[in-house]
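>>> I would like to see how this sequence folds:
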Amino acid sequence: MTSVNGLDPRGPRFAAVITTAVFVVVLLTGSGWLALAQGVIFAIGAYDPRRTPYGLLYRYLVAPRLAPPAEREDPAPVRFAQAVGLVFTLVTVAGYLSGATVLGVVFAAFALVAAFLNGFFGLCLGCEAYLLIQRIRARAA
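Predicted structure coming up:
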């Protein structure tokens, strides 16, 4: 979507690279508390991805050094993807903090893969799921 109010698509990718690093550390340390901090970031992103700490870093430190984006994207798929990330992260937190470490590892690994694909290849699985749901809804209507 090309819109002045849309997101610079490089911002969510920047955030996904940081998120990838966070989940690597979560998996290496088994830290449910770090996963919880990432969950808070996903919760903020589900409301507005531009307001997350990663979004603010991008907006104020990275974006000013780049050319303006060629186009902008609709924030709705990104918000949905952040909500999906939140769900996976909350299961990760529950696993690690309750002693169900395997559950925490599995869901942290899923989140890591999703963040990695978005950050390094531009493939946002949550965004694609959002678009698929929208197409299914449109056909059903």
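>>> Could you tell me which ranges of this structure sit under the pLDDT cut-off?
1-4 (pLDDT under 70).
>>> Output the longest helix belonging to it.
helix 75-98 (DSSP state H).
>>> Run the angle between the next helix or strand after it and helix 75-98 for me.
Toward the C-terminus, helix 75-98 is succeeded by helix 101-121 as the next helix or strand (DSSP states H and E). Interaxial angle, helix 101-121 versus helix 75-98 (axes from the mean of the first three to the mean of the last three Cα atoms, to 10 degrees): 150 degrees.
>>> which outside residues touch the helix or strand following helix 101-121?
Counting by DSSP H and E, the next helix or strand C-terminal to helix 101-121 is helix 125-140. By Cβ atoms under 8 Å, 6 or more residues apart in numbering, the residues outside helix 125-140 that reach it are 76-78, 80-85, 114, 117-118. The way it works is simple: take the backbone N, C-alpha and C, and place the C-beta from them, glycine included.
>>> same deal with stretch 91-107?
Counting by Cβ under 8 Å, 6+ apart, 26-27, 30-33, 35-36, 39, 88-89, 108, 111 sit against stretch 91-107.
>>> that older thread, among the contacts of helix 125-140, which two are most distant?
Pairwise distances across the contacts of helix 125-140 peak at 19.6 Å for 76 and 117 (criterion: Cβ to Cβ).
>>> Would you mark the buried spots in stretch 28-44?
Neighbour-count burial for stretch 28-44, counted by 16 or more other Cβ atoms under 10 Å, picks out 31-32, 34-36, 38-39, 41-44.
>>> Assign a three-state SS to residue 71, would you?
coil (DSSP: H, G, I helix; E, B strand; the rest coil).
>>> got a list of what the residue nearest to the spatial centre of the chain touches?
For the chain, residue 82 is the residue whose C-alpha lies nearest the centre (Cα atoms, centre = their mean; 4.5 Å). Residues in contact with residue 82 (Cβ under 8 Å, 6+ apart) are 42-43, 45-46, 49, 52, 126.
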